[in-house]
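Novice: One predicted model, sequence on top.
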Amino acid sequence: MSEPCSVQVTAATADEAARLGRLAVDGRLAACAQVAGPVTSTYRWGGEVTCSTEWVCTLKTTTARVEQLTELVRRHHSYELPEIVAVPIVAGDPEYLAWIEAESTPDR
């Protein structure tokens, strides 16, 4: 059985974050997508410390879908190296976690 997880992706705009979320949910790679922001990100890129405004797309999915979800995000993201970080959901409402599993499973 696959375990529930939450995948965080940042994007340059709210529209891009929403588009990535919609692609993931439409493709049954995630049960839902939540977009929040803006956030200020500080990071090192190309040897320089950079600050930028980003939007966060949080995707609820299962560990079985993370690899395909990562491929989808890479294919449709504007960044050369997008943030794609999956963390386990260690506990939650059993009905909600079952819903994540059901909605992240490809149609049979």
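Specialist: Noted; the coordinates are in hand. Numbers count the residues shown, from 1 in each chain.

Novice: When you work out contacts or count neighbours from here on, use the C-alpha atoms and nothing else.
Specialist: Will do.

Novice: Any regions of this structure where pLDDT drops low?
Specialist: 1, 108 (pLDDT under 70).

Novice: Quick check: longest helix in it by residues?
Specialist: Identified as the longest helix of the chain according to DSSP state H is helix 14-26.

Novice: residues in contact with that one?
Specialist: Residues outside helix 14-26 that contact it (C-alpha atoms under 8 Å, 6 or more residues apart in numbering) are 9-11, 30-35, 37-38, 54-59, 69, 72-73, 76-77, 104.

Novice: Okay, buried residues for it please.
Specialist: By 16 or more other C-alpha atoms under 10 Å, the buried positions in helix 14-26 come out as 14, 16-25.

Novice: Which parts of the chain are strands?
Specialist: For the chain, the strands defined by DSSP state E occupy 4-11, 32-45, 48-62, 84-88.

Novice: So which of those strands has the densest surroundings on average?
Specialist: strand 4-11 (a mean of 22; mean count of other C-alpha atoms under 10 Å).

Novice: Leaving out sequence neighbours, find the closest residue to residue 59.
Specialist: residue 33 (4.5 Å; C-alpha to C-alpha, 6 or more residues apart in numbering).
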